[in-house]
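Peer 1: below are the sequence and a predicted model for it; my questions follow.
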Amino acid sequence: CVATPDMMKDLGKLGPILGRKGLMPKPKAGTVTEDVGTAVKNLKGGQMDYKADKSGVVHLPVGKVSFTPDQLQENIKTLYQSIMRDKPSDAKGEYVRSFFIAPTMGPGVRVNTRSL
C-alpha cells in the first residue's frame, strides 16, 4: 500500500485492518511519499521491506530460479549493504554474525561477508 502524507490521517482509521495484513504504509519503507508513481514503480520492480524476527534473523527472498548468478550476487550484496546501512547507532560488537542463503527446501550455504 502506498500513500501520500496527507492521506495517512484517513488511513489511520484502517490501521487495525491494514496493519494485521502488513499493508500499512510506512515512511521508513518509502511507501508514504508525495511521489506515489515512483514508489509504485519501485515496489513493482522488486523493492522489499525487511524486518528481523525476535531472534534477529532476517528471512527474505533474494531471487528466483530464472535469475543469473550475477543477478543473485547483486541482490545479496544489496541486501547485505542495506542491513549494514540501517544498523542502529547503538548496536555494539559484530552486527551480522553469519549470512546464509538457502532454497525453500534444502540446506543453506554460508556466504562470506568479506566478499560482499
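Peer 2: Perfect, I can see it now. Numbers count the residues shown, from 1 in each chain.
Peer 1: check which helices and strands the helix-or-strand element of the chain with minimal mean pLDDT sits against.
Peer 2: Scoring the helices and strands of the chain by mean pLDDT, DSSP states H and E places helix 36-44 at the bottom, with a mean of 85. Helices and strands touching helix 36-44, as assessed by 3 or more CB pairs under 8 Å, 6 or more residues apart in numbering; DSSP states H and E, are absent. Just so you know, the C-beta spots here come from the backbone N, C-alpha and C atoms, and that holds for glycine as well.
Peer 1: per-domain residue ranges of this protein.
Peer 2: Split into domains by automatic domain parsing, the chain comes to 5-44, 69-115.
Peer 1: how about those in JSON lines, adding distance to K54 and mean neighbour count?
Peer 2: Listed next are these as JSON lines, based on distance: least, CB to CB, whole Å; neighbours: other CB atoms under 10 Å:
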{"stretch": "domain 5-44", "distance to K54": "16", "mean neighbour count": "13"}
{"stretch": "domain 69-115", "distance to K54": "16", "mean neighbour count": "11"}
